[in-house]
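*Asks:* compute the structure for the input listed below.
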Amino acid sequence: MQEFLADRSPRAFEKVVDRLLASPRYGEKWGRHWLDVARYADSTGNDEDHRYPHAWKYRDYVIESFNKDLPYDQFVREQIAGDLLPAGDGGEVNRRGIVATGFLALGAKAVAQQDKQKMLYDVWDEQVEVTSKAFLGMTVSCARCHNHKFDPILTKDYYSLIGIFAGTRSFRDANSHVSVVFEKPLVPKAEWRNYQAARKRYNDNEKRLRLSLEVIKDQAQSLLARQHSNQLADIFVASRRVYENGANLDEAAKQLGVDSVLLKKWVDFLKPDPQKVRGYLDEWAAATAENRAGVAGVYQARFAKRLEAWGMQLSDWYTKYQKAINENQPLPDRPSFEEGEDRFFFEVYFSDGPLTVSDKEKKPFTEEQWARIEQLHKEQEELKKLTTREPELACAIEEGEAVKQKVLVRGDYNNPGEDAPPAYPAILSRYDPKLPFTGSGRLQLADWLARTENPLSKRVLVNRVWQWHFGEGIVRTPDNFGKMGDRPSHPELLDFLAGEFIRHGYSIKSLHRLLMNSSTYQMASENPSAIDADPDNRLFSRFNRRRLTIEELRDGMLAIDGTLDLTMGGTLQTGRGTDGENNQERLSLNPEKLKRRTVYLPLRRANLPTLLNLFDFGDATTTSGKRQLTNVATQALFWLNSEFVFDRSVQLAQAVLADKTADDKARVASLYRRILNRQATPDEVTSAVKYVSGSPKSPNGNVEQKSWQSLVRILLCSNEFVYVD
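*Replies:* Here you go, the predicted structure:
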C-alpha cells in the first residue's frame, strides 16, 4: 500500500495489476471461480457420498492453468478430451490432459442406485449439463424429455450429446451393487500392467494367509461356542444375578464351571444399555424372576440352531478350500454371515461379542494353533513390506465403446425412438448427421467448443470474467444465454471483448489487464450524478459495492494475523469409499480449525462445512457461475460467537502488544492498516485509545489484552472490512 501511494508514475496502477497477476495467489483466487463453474467437490454426494480420492489433482490443475495463463481454447479442449490429446512432452501419457478430464468425472453420482441404467443416464445428463452451461451458457439438459420449451434445442440435439458421453467411461464397474467410479493411471501402460500383476500376486498371497488364520480361528471359536451353547440359559440367568442383584461374578463362574473372564463378557453384553437399541434382547429384558429360565432357554435353542447352520456352511466351504489348496487353484471366498440374518447371533459370535475369538489373544488357542498364528502374522508383515506402491491415479474418464444412441421418448430408456448420432446442437451449427465423429466424439466436441467460429464459448467466458470483477455480468445470467436468461446490457462491448480475447491468444491475464486498467473498473462505488439515470447500475456507471466471499473473509483474517498457511496443492483428505451415515469421518473438515487457504479444503458434498454454507458458498453439485447473495442474522452472529474470529483477535492483539516500543496510538494505527488497509483518522485513533484504556488494568499495569481483542473484533466485523467499496 505504501509503495503504491508513493509511486507517482502514470503506470502505478498497472504495476499493481501486473504484480497480482504474477502472484501464485492469483491462480488460487481465480481458479476458485472456475471450480464453482465446474461444480468441484471431493466426493460423489447423493446417497453414500464416496470420496473422490484424487479430485484434488483437478483442482490443482485449474489453479496451475490460471497461474500459467493457459490459453482458454486449450483449457477447454483438455477438460473435455484431455485424455485423447497428445502429451506436450511427446511421451506416452498426457498426464495433464487426463487430470483435466476431472471436469467431467467429478460430478455428483448416485453410486448406490440399483437401477444402473437410470444411474448412467443421470451421470451422462449431468455431464451434458455442466458442459453446456460452462462453455455455451445453454441449458441443454432441459431437452431430456421434450424439445426445450424456450430455446431452440431439440430433444434430438440433447441425445446426440448424450451419445458422446455414453461412449465415455466414467465407472470402473458400473454394475456392482455400489458402482465403483473410474480412476485412470497416470503412468505408461506397461508400468500399469506390471503393477496389476504384482497386485494380483499380493492379493492372492494375502488371501491365502488371511484364510489360513480364519480356519484356525473358526476351529477355536466353534469349539468354544459348542462348549457353552448347552449352558447358555444358565449363563443368562447367572449374568442377570450379577448385574441386577450384585452376585459375586467369580462365585457364579465357579458354580457354572466357566471362565470368569468369559462370564464377565456375558454380563457386559446382557446388561441394559440406554445408549444402545438392541431389540433382540427385549424378550430377555422383559423376563421376570418366574419365567427368566424359560426365556433364557428359548435364546439357547435359537442360538444352537443358528450355530449348527453356520457350522454346516463353514464345513462346506472348508471342503472346497482344502480342494483348492491341494490342486493349487484360486481359493474360494469364506462365507460371510449377514447381520440381518440373526442380529443376536451376529453380535455374540462375530461383532466382538462374548464368543468372538481374536487372533490377537492367545487364550482360546492350543499351543500348536498359537504357534501357527504367530508364524502367519510374521508372514503377513513380510508380505506388507513387499507391497508394490500404487502408481499415480486420477479421477478421470476415458474412451469407452462407441454407442448408437437413440432419442428416449419422454426420457424413458425403455422407450427408444429415432436415432440420435453424435452432433452439435443444430441452432449452433449446420446440422449434418454425417459429420466425421470418431470414437465417442468427445475430441470433436472439444474442438468445436474451442474453435474461434463458435458463437458462444468466448462470449460466455468473457462475460464470466467481467462478472467476477464487477459483481454483475454484461449478461447477468452467466450460465444461461438463452431466452429465459438476461439480455446483455452492452452487446457491442461483449462482442468487442470476445474479439480482443481471441486477438490476444485466448489469454485470460490479458483480459484482466484490459478490464482492470479501464476507467469503468476504476470508478468509485458512489456516483450521485448517475443514481437517477442508472438506479440498478445496469450501465456500470459506478462500481458495485460487494461483500467479500467466504474465501476472502476466512483467508483474509488468517493473512492479517499471520497464521495463513500458503502451502500450495495436495490434499487433506485420505482414503477411499464412504463412511457410516452417522460417522464423523463423513463430515467435511472444519475450516475454522485449519490454516490452509479455503480453496484447498476438501469438500464432502453430503455435508459441506457450516461456515461455507453460512456465507453463500453453494452446493458444489451444480454449475454455479454466480453465487447467491444473502444477508441474514446468522451471519452477524458468526462475528459475535465464532471461535475462529475469537482466535484471530487473540493473535492480532498479542501481535500489537508484543511491540513494546509502540504506544497505544501506534498500535491502533497498525491495526487499521492491517485490517482496513488505510490510515486511521485522528478521531478514530483517539476513540480507539479511549476504548482500550477504559478496560481494567492487569497487575503489571498494562492494559488487559482482552480490550485489544475486543477492538480487533470490532474492526473485523465492521462493514469496511466485510464489504469492498
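*Asks:* mind listing what's buried in stretch 28-45?
*Replies:* 28-45 (16 or more other CB atoms under 10 Å). Backbone N, C-alpha and C define where each C-beta goes, glycine included.
*Asks:* so how far is that stretch off the chain centroid?
*Replies:* Distance of stretch 28-45 from its chain centroid, counting by CA atoms, centre = their mean, to the nearest Å, is 10 Å.
*Asks:* for it, measure first residue to last.
*Replies:* In stretch 28-45, first residue to last residue: 24 Å (CA to CA, to the nearest Å).
*Asks:* quick one: low-confidence parts of the stretch 551-700 of the chain?
*Replies:* Scanning the stretch 551-700 of the chain for pLDDT under 70 picks out 580-586, 695-700.
*Asks:* can you count the residues close to Phe269?
*Replies:* Close neighbours of Phe269, defined as other CB atoms under 10 Å, add up to 17.
*Asks:* surely it is within a helix?
*Replies:* Yes - counting by DSSP: H, G, I helix; E, B strand; the rest coil, Phe269 is found in a helix.
*Asks:* hang on, the earlier thing: what about the buried residues of stretch 28-45, which are in helices?
*Replies:* When those are checked against helices (DSSP state H), the matches are 28-37.
*Asks:* can you list those in TSV and add pLDDT and distance to Ala166?
*Replies:* Formatted as TSV, those follow (pLDDT from 0 to 100; distance: CB to CB, whole Å):
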residue	pLDDT	distance to Ala166
Glu28	98	35
Lys29	97	36
Trp30	98	33
Gly31	97	30
Arg32	97	31
His33	97	30
Trp34	98	26
Leu35	97	26
Asp36	97	27
Val37	97	23
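*Asks:* for the stretch 151-300 of the chain, which segments count as helices?
*Replies:* With helices called from DSSP state H, counting those that start in this stretch, the stretch 151-300 of the chain shows them at 155-166, 189-229, 232-245, 249-256, 260-270, 282-286, 292-326.
*Asks:* how far does the second one sit from the chain's center?
*Replies:* Shown here is helix 189-229, whose average C-alpha point lies 33 Å from the average C-alpha point of the whole chain (CA atoms, centre = their mean).
*Asks:* stretch 346-365 now?
*Replies:* Relative to its chain's centre, stretch 346-365 lies at 37 Å (CA atoms, centre = their mean).
*Asks:* give the buried residues for that stretch.
*Replies:* Judged by neighbour count using 16+ other CB under 10 Å, the buried positions of stretch 346-365 are 346-349, 353-357, 359, 364-365.
*Asks:* which members of the residues you listed occur in helices, if any?
*Replies:* Counted as lying in helices by DSSP H, out of the buried residues of stretch 346-365, are 346-349.
*Asks:* can you tell me how far the spatially closest residue to Ala606 that is not a sequence neighbour sits from Thr452?
*Replies:* Nearest residue to Ala606, sequence neighbours excluded (CB to CB, 6 or more residues apart in numbering): Asp49, at 3.8 Å. Separation of Asp49 from Thr452 (CB to CB, to the nearest Å): 41 Å.
*Asks:* against His33, how distant is Arg538?
*Replies:* 22 Å.
*Asks:* scratch that, Lys15
*Replies:* As for Lys15, its distance to His33 is 24 Å (criterion: CB to CB).
*Asks:* confirm that Gly556 sits in a strand.
*Replies:* No - under three-state DSSP, Gly556 sits outside any strand and is assigned helix.
*Asks:* that one: neighbour count?
*Replies:* Neighbours of Gly556 (other CB under 10 Å): 18.
*Asks:* Glu643 now?
*Replies:* Neighbourhood size, Glu643 [other CB under 10 Å]: 10.
*Asks:* with the one 3 residues further on instead?
*Replies:* Phe646 is surrounded by 15 other residues when neighbours are defined as other CB under 10 Å.
*Asks:* then the host helix or strand of it to CSV, C-alphas only?
*Replies:* Using DSSP states H and E, Phe646 maps to helix 643-658. Coordinates of each C-alpha in helix 643-658 appear next as CSV, following Å, rounded to 0.1, in the frame of the first residue of the first chain:
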residue,chain,number,x,y,z
GLU,A,643,-14.2,-19.3,17.9
PHE,A,644,-12.4,-18.7,14.6
VAL,A,645,-12.9,-14.9,14.8
PHE,A,646,-12.0,-15.0,18.5
ASP,A,647,-8.7,-16.8,17.8
ARG,A,648,-7.9,-14.2,15.1
SER,A,649,-8.5,-11.4,17.6
VAL,A,650,-6.2,-13.1,20.2
GLN,A,651,-3.4,-13.5,17.6
LEU,A,652,-3.7,-9.9,16.5
ALA,A,653,-3.9,-8.5,20.0
GLN,A,654,-0.8,-10.4,21.0
ALA,A,655,1.0,-9.2,17.9
VAL,A,656,0.4,-5.5,18.6
LEU,A,657,1.1,-5.8,22.3
ALA,A,658,4.4,-7.6,21.5
